[in-house]
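Student: with the sequence up front, the predicted model follows.
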Amino acid sequence: MTPDEIQIRQLVKQHAADVLWFVARLLPRREDAEDVAQDVFVAAYQSLARYDAEKASVKTWLFRIAYNTVLKRRRDTRRMSFVEMKEDELEAITDDATDEIFHEASPNRVALLEPAVRQLSDNDQLLLILYYHNGKSLREIAYITDRSEGYLASRLQYLRKKLSTIIIKLEQDGKKQ
């Protein structure tokens, strides 16, 4: 057994559960999550020489590989179109109005959040999952997604506005029916 094979076995033993947990939050089907988690370790083995401990922990490095592997899987299986919005439409929404939408946790709004999130692009959905669901810091997400922290902070604010607009539209459509 080569030193790289020994190293990857140790990585799998130490981080398989974390990688599967991370991937399972990004993919809805358990079978897909398990397949992708395996693909992550294959990719990690192939890029072991490029790992830089000064840039990120092993776990965060594996999450970066997982993030990119999930994006590829989701692109390959994507069937839904995205909601496009004009910048001026979103700029008109105040931060207070956005906060009001998300702080009112009525059962109707909670039920609309998931369909609203599904209308976002894969990158945007994954950003929300990493930040809100997985509790990752902007610094960790910046490494995982290869984006700047400033961009991510701005994107999260944009997504909150976009989601509040989608939720309002879904509520209005529900009242018309």
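Tutor: Here it is on my side, so go on.

Student: for Arg147, helix, strand, or coil?
Tutor: The three-state assignment at Arg147 reads coil, by DSSP: H, G, I helix; E, B strand; the rest coil.

Student: in terms of pLDDT, where does the residue nearest to the spatial centre of the chain sit?
Tutor: Residue closest to the average C-alpha location in the chain (C-alpha atoms, centre = their mean): Leu126, at 1.4 Å. Turning to Leu126, the model gives it a pLDDT of 89.

Student: go ahead and confirm it touches Leu26.
Tutor: Yes - Leu126 is within contact range of Leu26, at 6.0 Å (criterion: C-beta atoms under 8 Å). All C-beta spots, glycine's among them, are computed from the backbone N, C-alpha and C.

Student: got the contact list for Trp61?
Tutor: Trp61 is in contact with Ala44, Tyr51, Lys55, counting by C-beta atoms under 8 Å, 6 or more residues apart in numbering.

Student: now the host helix or strand of it: average pLDDT?
Tutor: Element membership for Trp61, per DSSP states H and E: helix 58-77. The average of the pLDDT scores along helix 58-77 is 90.

Student: quote the end-to-end distance of stretch 46-53.
Tutor: Stretch 46-53 has an end-to-end distance of 17 Å (C-alpha to C-alpha, to the nearest Å).

Student: which residues touch that stretch?
Tutor: For stretch 46-53, the external contacting residues (C-beta under 8 Å, 6+ apart) are Asp4, Gln7, Ile8, Val58, Trp61, Ile65.

Student: any idea how many residues pack against the residue nearest to Arg74 when sequence neighbours are not counted?
Tutor: Spatial nearest neighbour of Arg74, chain neighbours left out: Asp122 (4.5 Å); criterion: C-beta to C-beta, 6 or more residues apart in numbering. By other C-beta atoms under 10 Å, 17 other residues sit near Asp122.

Student: ditto for Pro28
Tutor: By other C-beta under 10 Å, 9 other residues sit near Pro28.

Student: cool, Tyr132 as well?
Tutor: Using other C-beta under 10 Å, Tyr132 has 13 other residues around it.

Student: quick one: least confident helix or strand in this protein?
Tutor: When each helix and strand of the chain is scored by mean pLDDT, DSSP states H and E, helix 87-91 comes last, with a mean of 53.

Student: ok so, going back, who wins for most neighbours among the contacts of stretch 46-53?
Tutor: Within the contacts of stretch 46-53, most neighbours by other C-beta under 10 Å means Trp61, with 22 neighbours.

Student: ok, now how distant is that one from Asp124?
Tutor: Using C-beta to C-beta, to the nearest Å, we find Trp61 at a distance of 23 Å from Asp124.

Student: cool, and Pro107?
Tutor: Distance from Pro107 to Asp124, by C-beta to C-beta: 25 Å.
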